[in-house]
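Asks: Whatever this is, show me its structure:
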Amino acid sequence: MNGARGADVLVVLPTYNEAGSIRAVIDRVRAAMPAADVLVVDDASPDGTGRLVDDVAAVDPAVRALHRAGKQGLGSAYLLAFARARQEGYRYVVEIDADGSHDPAELTTMIALAEAESADLVIGSRWVPGGSVVNWPWVRRAISRSGNRYAGRLLRSRIADITAGFRVYRVSALDDIDSEVVSSHGYCFQVETAWMLERAGGRIIEHPIAFVERASGRSKMHAGIVLEALWRVTMWGVRERLGRQTPSRVRS
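Replies: The predicted model follows:
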């Protein structure tokens, strides 16, 4: 795909039951980044998300779907896409939610930042000056802010929005993320991979964005995901302070 079109950017959309939003999100990505390629990694969505993407791909050579046999998780979807990005010669790989919460129009600025600042990771951040969330209840807002602060303190990270899912990675920097030891398959994957890159000395920039709560479909976030993230971050922080091998090591 990259070899045929010469695209530098691969935009990755992991999906599970996003039939109500996926076409519109792809359209917005294509409008914002017409030279980019789009890879949708669908986990056998029973609502037909994968079939909808196949329909789009049939008429747009920049779009393709990768169908998996079942629900395997966000982390494994991104790791698979990272490997494809390496193999196919892209310079940047983008993480973006398939529910419309992230505005693809921000991508041109984020990629320009990666270029101008030689950044290894640009994060679309809700919790830096200028960032915001729209249509979230105060409880969810408080949980997100508190979770990011807790992770930052425990992991000694300077990233304000380490849980953010809107990202631009420089593909060459992915060598500092050891996919063989990434232990998170859910949303904590975002914390783990950013932390690995930060510990490896990667240059990370946060760009303020407005995060808008989904207009259709159901959120995948639930209490179990929050508790898993809390447990993993606590264990990583304790191990780090004790000088033990963390679940995520960084290649030397």
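
Asks: rest of the way, CA atoms for contacts and neighbours
Replies: Fine.

Asks: Quickly find the element holding Leu66.
Replies: Using DSSP states H and E, Leu66 falls within strand 63-67.

Asks: just Glu198 next, same as before
Replies: Glu198 is part of helix 188-199 when elements are defined by DSSP H and E.

Asks: Going by neighbour count, list what's buried in that helix.
Replies: Cys188, Phe189, Gln190, Val191, Glu192, Thr193, Ala194, Trp195, Met196, Leu197, Glu198 (16 or more other Cα atoms under 10 Å).

Asks: doesn't Gly165 make contact with the third one?
Replies: Yes: taking contacts as Cα atoms under 8 Å, Gln190 lies within contact range of Gly165: 6.6 Å.

Asks: follow-up on the earlier one: so for the helix holding Glu198, what's the average pLDDT?
Replies: Confidence over helix 188-199 (mean pLDDT, whole number) is 92.

Asks: what are the phi and psi angles of Asp42?
Replies: phi -110, psi 130 (degrees, to the nearest 10).

Asks: which residues of the protein score low on pLDDT?
Replies: 1-6, 178-187, 214-226, 244-252 (pLDDT under 70).

Asks: Where do the helices of it begin and end?
Replies: Secondary structure of the chain by DSSP state H: the helices cover 2-5, 22-32, 49-59, 74-87, 107-116, 138-155, 188-199, 223-242.

Asks: Among these, show me which one is buried the most.
Replies: Per residue and on average, the most neighbours among these fall to helix 188-199, with a mean of 22 (mean count of other Cα atoms under 10 Å).

Asks: now the angle from that helix to helix 138-155?
Replies: In terms of direction (axes from the mean of the first three to the mean of the last three Cα atoms, to 10 degrees), helix 188-199 departs from helix 138-155 by 40 degrees.
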